[in-house]
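**Student:** Pasting a predicted model and its sequence here:
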Amino acid sequence: MALKIVKGSIDRMFDKNLQDLVRGIRNHKEDEAKYISTCIDEIKQELKQDNIAVKANAVCKLTYLQMLGYDVSWAAFNIVEVMSSSKFTYKRIGYLAASQCFHESTDVIMLTTNQIRKDLSSPNQYDTGVALTGLSCFVTPDLARDLANDIMTLMSHTKPYIRKKAVLIMYKVFLKYPESLRPAFPRLKEKLEDPDPGVQSAAVNVICELARRNPKNYLSLAPLFFKLMTSSTNNWVLIKIIKLFGALTPLEPRLGKKLIEPLTNLIHSTSAMSLLYECVNTVIAVLISLSSGMPNHSASIQLCVQKLRILIEDSDQNLKYLGLLAMSKILKTHPKSVQSHKDLILQCLDDKDESIRLRALDLLYGMVSKKNLMEIVKKLMLHVDKAEGTTYRDELLTKIIDICSQSNYQYITNFEWYISILVELTRLEGTRHGHLIASQMLDVAIRVKAIRIFAVAQMATLLDNAHLLTGNMQRNGICEVLYAAAWICGEFSEHLENPMQTLEAMLRPKVATLPGHIQAVYVQNAAKLFATVLKSQEGNTEGTPAQETSQLMVERLPLFVQSANLEVQERASCILQLVKYIQKLQQKDVEVAEEVSALFAGELNPVAPKAQKKVPVPEGLDLDAWINEPPSESESEDEQPKAIFTREEPKHSRPRHTEVDEKELAKRREVRKQEQANNPFYIKASPSSQKVYQETHGVEHIPVVQIDLSVPLKVPGLPMSDQYVKLEEERRQKDRADKKKKKKEKRKDKRTGRGKRHDSGPESEEDITPAHMVDIVTEEMPENALPSDDDDKDPNDPHKALDIDLDKPLADSEKLPVRSHRAAEALKSPGEDGDAVSAATLEPRKKRSKEKREEKKKDKDGDRKKSKEEKKKKKHKHEEKEENLLSGQADEPVVQSEESSQVAAPPTSTSAEVSDLDFWLSNAPVPSNTQEAATVAAAAEAAAEAASVPEAVSGTAPDSEPEEPKDAEMEETKSSKHKKKKQKKEKEEKEKKKKKKHHHHHRHSDAGGEESVQNGTVEEEEPLPSMSNYCLLAENSYIKMVYDIQGNLQDGSQVVVSVIFENKCDSFLKSMEFNVLDSLNSKLQRPEGSGPHDGLTVPFQLPPGVSNEARFVFTMQSIVMPQKLKGTLTFIVKNDDSSTHEKLDFKLHFTCTSYLISTPCYSDAFAKLLESGDLKSSSIKLEAVLMPFHHLLARICFHHHFSVVERIDSCASMYSRTIQGHHVCLLVKTADQTVSIDAKCDEPTLLGNVLDEIKQTFSQC
Amino acid sequence: MSKFYEHYSEDTEQQIIRETFHLVSKRDENVCNFLEGGLLIGGSDYKLIYRHYATLYFVFCVDSSESELGILDLIQVFVETLDKCFENVCELDLIFHVDKVHNILAEMVMGGMVLETNMNEIIMQVDAQNKMEKSEAGIAGAPARAVSAVKNMNLPEMPRNINIGDISIKVPNLPSFK
């Protein structure tokens, strides 16, 4: 090894690769840091080399070092260098390094944008893949914005490998650049039905992730997912979908109803535990959303609980854990069904696995009742004693407190017991939750008046034994309790049996070792105690004890005056002076006790934590207005006043003793009394409060304090909470006996004032009367408190930005920013799936289309608004008619199959209907289906569907009809209104889709309000002949080139020529150079630095028989005329033995069509455009066109980049836009093999050329 | 080896790793494979899910959007993939070829989201890339720009995803340890 090091230092830039580095580090365990620092020096040297291989090696090593925790950000630039290597090997190293150590604040990231874009468009799928993987780790908002469009394009890549990565990374892009979500969403949705399961699952993954954060925006996808769920067999996709439904159901209870069936089926059928578990989980979510008591679902709950019990009883700890987890969810809504499994859960508490115990604890939280609280807590206390490991013990502690204090101490019947539990908890070593116990003590002592005497006694003992709590500084967490103890003793000092002793305890020198804030409380409360002591002592005529007390104070307080803590010091010196003064007065025999105790008179009321926030701003008070003119430039000061106001939320847990003048106090008390009088939950502090207290059983049982110092780690002599359990038992028995007696005596039970409000409960619960007559004083809220409870949303959540309405149509401004030419690719592919509309439309449709035609005329007359309204009305009627008709149809089968139908129903009905969520959810029959089924009988798929439809109809009907016949009617009228909107939306959404690989038979337009035919519309029975826009560029015996031209919408002067090179020979083609002779008007874009006549290198080589695509960008000035450019391709043909240089000339033909970009346009906008009068018109006629009309439209759409705005029978309006923003509108009509095209455009020359090209297209076929 | 999908400073990363190791390593064989998220790893929404193989621990830290059992399966897939790629993987393989392990992981999990769960698919992609690397090393002298396109055109059509039991996941931040 030593040799190796020597060698390494001589010959440092070679040889030491990652393996050597790892080996070296392993061999230098003792002086690792030193060894690594020499390695880093070597790496620095290596990075200075020009050789990329050496650099890559260095970067590779750095990646490893980064993983070991060394900062390597200094090499960021070198990483970028390696990333931009053209070799995949190095590129991968570079991207890996970048993904490990780049982050948003790495500044070189800016430099990577172009490199990444280049890699994304690389012909090598692994270059692209590696870039995507890297990018997913370090994407920044800037990168996301710049690359969003490139990634979008990749989502339609031919290779599924790239597609799935692109889909997945979109999620990261959305997070960083939320604006991209809306433009990208249609395509993402499309990918849900990708033929490749990997891509599909990636899309599901992304949408699930999105929907998890903002579920409501994704409700409209529910039908689609439902279809996937019932059809998919991929467990992992299923899990995701089911999880997603879990998030959706709370928003849409109807969805839940639909889900229950298939989910229960899955639960019964699946063998995969993970799937089973997720199903149960979602069923639970559904049940929660339906929790408004649907009796017939108790079976489902039962099923879930049963299955969970099986999980919990399983020997596999993982299942046990998950079972408990799911159980706790059921608990929230159906506590009864869980409570029956208490045995099992308590058993889990004994599990050796901490995670499982924690889960069981969670469950217990929800399972307690008045009856079993003591028992459960007792069990927990045992665990606390046994528990090793502080985290678990802390968890236990907090759980105990949570369990006890939940819903305002609802389950506590005996507060003495609770206080002693708290006191017992203080014996815990090293807990972090001292403050929690403290605040509980304070809370209880303040709010439960009756408990104060007991609490004070306990606290006094605590204070007396404070040394035990603080003895070990490591246990300092618990000393917080002393804070509470001191405060309670001081505040309620009148209840102290021996205030003098407590006072003495509080002034011990040891106190000075406590944290400052506790000392401060000590000092303050010592003063309160002092006041009490004085009072009692002055009652005795002899002055000496009082003076002795003062003397004690004067002696001890200087200790605190010297404290480093400001507050302690301040309070101590104040009080010291006060006491000295009192001493003086005492020496003159003046009675001071009254005055001294007046210092601390008055009572503190608990205040709700939100109270301050809810104080309404008085009218006329503008909090933002300046009181004085703001100081001109000191910003920091500007901030201050605000900060003060927002921070000052009162914490009832640590009330400060604020000086409140008597009047104010009296007023407050008055208000409170009134409030309490009106509050049914408040037990009036009737004069009996004292009496009641004496009646209670607890007090007599406070054991005599026995100090047993031989057991050092216990706070001795405190009552054991266990005793209370026994007592409680006894008491209950007694109660019961009492009750029986009373029943005999037919007297009302006066003591259960509290119990009365639960009168409806079962007896067992009711029998337990609280041991104390306790006032649980409600926390005060200001009057006029605003009821709104909408706090608690984190405004910084990055996912909030993604809360975007996805159903709204895209606006033009929402296009992704594009700099690259690749944007255009999206437009080229054939076979856009439009709304597959059957040619043989039904009666109502024809009527409607006639109307529409009329309307059109009216439109032209400029009477648009009126006609629109009419149109709406008419449509309404039609839809209603249609639906009535259909529900009539549906009625018949309903009767027949009512019994058997429910099971089969949902899946079938949804497979056919995807779009209209409301409709889908309303469970009504689906009109378009029946119609479609009737008409589209030819296609096999359709036939199958047809078979399923009656079933669907019959299946779904019973759900809605017998239950709510009126509702259904209502819903129908509503939905017809609704539907219109929906259809529109849907249509728009479809128009947004630019590329679709194949046709989905399920996608029928819903009752076809506006039957639009899209690019390449396909009818079920006659698929379109395949079309391609690629036309031959040039060909010889070696190579064939085909090309296609598309405009770039984002850059008005660019078009992209995609050329596919195909190697036709048996040799290897390489060094291809593509060159074009530029014209004045059009120029090939060449990389910077190259001359105007240099060729472009085609970025790949072609092995025999292989084809690949390259893209070239051209800049255009004028686009109104078609043009031709001459060009040459040179390449080297390489055989085994020889290589020759070959050349192929070609002519690139830029048609006017290639400047058009199919842009969706809505009919309103279209009509407006026509009306505007800016457009020149022109027209042509095509004779003897034999093809069907929809084929014709498809051809225009496809070859000439138009989109259909509206189609009515044999008439259609179409729209397109040039890259420079010229509008081109067509009105295509057909009659008897003659097609007439009326066209309008703001550029007549362009229009003429486009029409010529259209004519040519049709003359060719 | 560790991989983070959210940015932390190097120190925090090391701290997370130490803490996680501390938590995981002291657990018995027969306890469940989930650990509740501590503060360091992002609070209660996150869980540590691990598997223990001989001397190795594979730990994933995931948020609540992932199925716990699914992640366990994912780890299994990961390990099996490693086993295939390294031919009987052992600890030393992983120690000395961290970069390769990273590359394999990158084919399974991308940016904290589960990318692929089909082992065959993963292995195929990894192999294809390794082949490409080899071929590059072979033509080391050739003009660099021409090299990258050579291999990818002939890749066979990828096989359909085969369903392996139950699998899934996305991982928001995911340290894993060897």
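**Tutor:** Arrived safely. Numbers count the residues shown, from 1 in each chain, chains lettered A, B, ... in the order given.

**Student:** Let's see the helix or strand B:C85 falls within as CSV, backbone CA atoms only.
**Tutor:** Taking DSSP states H and E as the criterion, B:C85 maps to helix B:68-86. The C-alpha trace of helix B:68-86 is given here as CSV (Å, rounded to 0.1, in the frame of the first residue of the first chain):
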residue,chain,number,x,y,z
GLU,B,68,-45.1,0.9,3.2
LEU,B,69,-45.3,-2.6,2.0
GLY,B,70,-44.6,-1.4,-1.5
ILE,B,71,-41.4,0.2,-0.5
LEU,B,72,-40.3,-3.0,1.1
ASP,B,73,-40.9,-4.7,-2.2
LEU,B,74,-39.0,-2.0,-3.9
ILE,B,75,-36.0,-2.6,-1.7
GLN,B,76,-36.2,-6.2,-2.5
VAL,B,77,-36.3,-5.4,-6.2
PHE,B,78,-33.3,-3.1,-5.7
VAL,B,79,-31.3,-5.7,-4.0
GLU,B,80,-32.2,-8.4,-6.5
THR,B,81,-31.2,-6.0,-9.3
LEU,B,82,-27.9,-5.4,-7.7
ASP,B,83,-27.4,-9.1,-7.3
LYS,B,84,-28.0,-9.6,-11.0
CYS,B,85,-25.9,-6.7,-12.1
PHE,B,86,-23.0,-7.5,-9.9
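
**Student:** give me every residue that touches the nearest residue to A:E1243 once chain neighbours are set aside.
**Tutor:** Nearest non-adjacent residue to A:E1243, counting by CB to CB, 6 or more residues apart in numbering or on different chains: A:H1222, 4.9 Å away. Where C-beta positions appear, they are placed from N, C-alpha and C, glycine not excepted. Contact analysis of A:H1222 by CB atoms under 8 Å, 6 or more residues apart in numbering or on different chains lists A:1241-1243, A:1246.

**Student:** Could you list the low-pLDDT ranges of chain B?
**Tutor:** Chain B contains residues with pLDDT under 70 at B:1, B:30, B:37-44, B:137-178.

**Student:** what about the residue of it found nearest chain A, distance to A:D1238?
**Tutor:** Closest to chain A within chain B is B:G111: 2.7 Å, counting by CB to the nearest CB. For B:G111, the distance to A:D1238 (CB to CB, to the nearest Å) stands at 51 Å.

**Student:** try A:Q1085
**Tutor:** Taking CB to CB, one finds A:Q1085 at 37 Å from A:D1238.

**Student:** Quickly find the element holding A:R1207.
**Tutor:** Going by DSSP H and E, A:R1207 is in strand A:1203-1208.

**Student:** Can I get that strand in CSV? Just the C-alpha atoms.
**Tutor:** Taking Å, rounded to 0.1, in the frame of the first residue of the first chain, the C-alpha atoms of strand A:1203-1208 are listed here in CSV:
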residue,chain,number,x,y,z
SER,A,1203,-58.0,22.7,-36.3
VAL,A,1204,-61.8,22.3,-36.5
VAL,A,1205,-63.7,25.0,-34.7
GLU,A,1206,-67.1,23.6,-35.3
ARG,A,1207,-68.6,21.0,-37.5
ILE,A,1208,-72.2,20.8,-38.4
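
**Student:** strand partners of the helix or strand following it, parallel vs antiparallel please.
**Tutor:** Counting by DSSP H and E, the next helix or strand C-terminal to strand A:1203-1208 is strand A:1211-1218. Partners of strand A:1211-1218 in the sheet, by DSSP bridges, are strand A:1156-1157 (antiparallel), strand A:1203-1208 (antiparallel), strand A:1223-1231 (antiparallel).

**Student:** With mean neighbour count, distance to B:M119 and mean pLDDT added, can I get the ones you listed in a markdown table?
**Tutor:** Formatted as a markdown table, these follow (neighbours: other CB atoms under 10 Å in any protein chain shown; distance: least, CB to CB, whole Å; pLDDT from 0 to 100):
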| stretch | mean neighbour count | distance to B:M119 | mean pLDDT |
| --- | --- | --- | --- |
| strand A:1156-1157 | 24 | 43 | 80 |
| strand A:1203-1208 | 24 | 44 | 80 |
| strand A:1223-1231 | 20 | 52 | 84 |
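
**Student:** so can I have CSV of these showing distance to A:K1181?
**Tutor:** Shown next, in CSV, are the strands paired with strand A:1211-1218 (distance: least, CB to CB, whole Å):
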stretch, distance to A:K1181
strand A:1156-1157, 21
strand A:1203-1208, 20
strand A:1223-1231, 10
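
**Student:** rewinding a little: if you count neighbours, what's buried in the helix holding B:C85?
**Tutor:** B:68-78, B:81-82, B:84-86 (16 or more other CB atoms under 10 Å in any protein chain shown).

**Student:** what's the answer for stretch A:510-520, then?
**Tutor:** Buried residues in stretch A:510-520 (16+ other CB under 10 Å): A:511, A:514, A:518-520.

**Student:** out of those, which one sits closest to A:I451?
**Tutor:** Set against A:I451, the nearest of these by CB to CB is A:I518 (22.7 Å).

**Student:** For the helix or strand hosting that closest one, the averaged confidence score.
**Tutor:** Using DSSP H and E, A:I518 maps to helix A:516-539. The average of the pLDDT scores along helix A:516-539 is 81.

**Student:** on contacts alone, who are the packing partners of that helix?
**Tutor:** Helices and strands touching helix A:516-539, by 3 or more CB pairs under 8 Å, 6 or more residues apart in numbering or on different chains; DSSP states H and E, are helix A:480-491, helix A:499-506, helix A:544-561, helix A:566-587, helix A:593-598.

**Student:** Please tabulate these in CSV and include mean pLDDT, mean neighbour count and distance to A:F88 as additional columns.
**Tutor:** Below are those laid out as CSV (pLDDT from 0 to 100; neighbours: other CB atoms under 10 Å in any protein chain shown; distance: least, CB to CB, whole Å):
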stretch, mean pLDDT, mean neighbour count, distance to A:F88
helix A:480-491, 82, 28, 61
helix A:499-506, 80, 22, 76
helix A:544-561, 80, 18, 73
helix A:566-587, 85, 18, 66
helix A:593-598, 74, 16, 86
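
**Student:** In CSV: those helices, plus distance to chain B.
**Tutor:** Converted to CSV, those look like this (distance: least, CB to the nearest CB, whole Å):
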stretch, distance to chain B
helix A:480-491, 20
helix A:499-506, 36
helix A:544-561, 36
helix A:566-587, 30
helix A:593-598, 46
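
**Student:** tell me the two of the contacts of A:H1222 that are most distant?
**Tutor:** Across those (CB to CB), the longest gap, 8.5 Å, separates A:D1242 and A:L1246.

**Student:** Can you give me the buried ones in stretch A:251-267?
**Tutor:** A:252, A:254-264, A:266-267.

**Student:** Those residues in helices, which ones?
**Tutor:** Of the buried residues of stretch A:251-267, the ones assigned to helices by DSSP state H are A:254-264, A:266-267.
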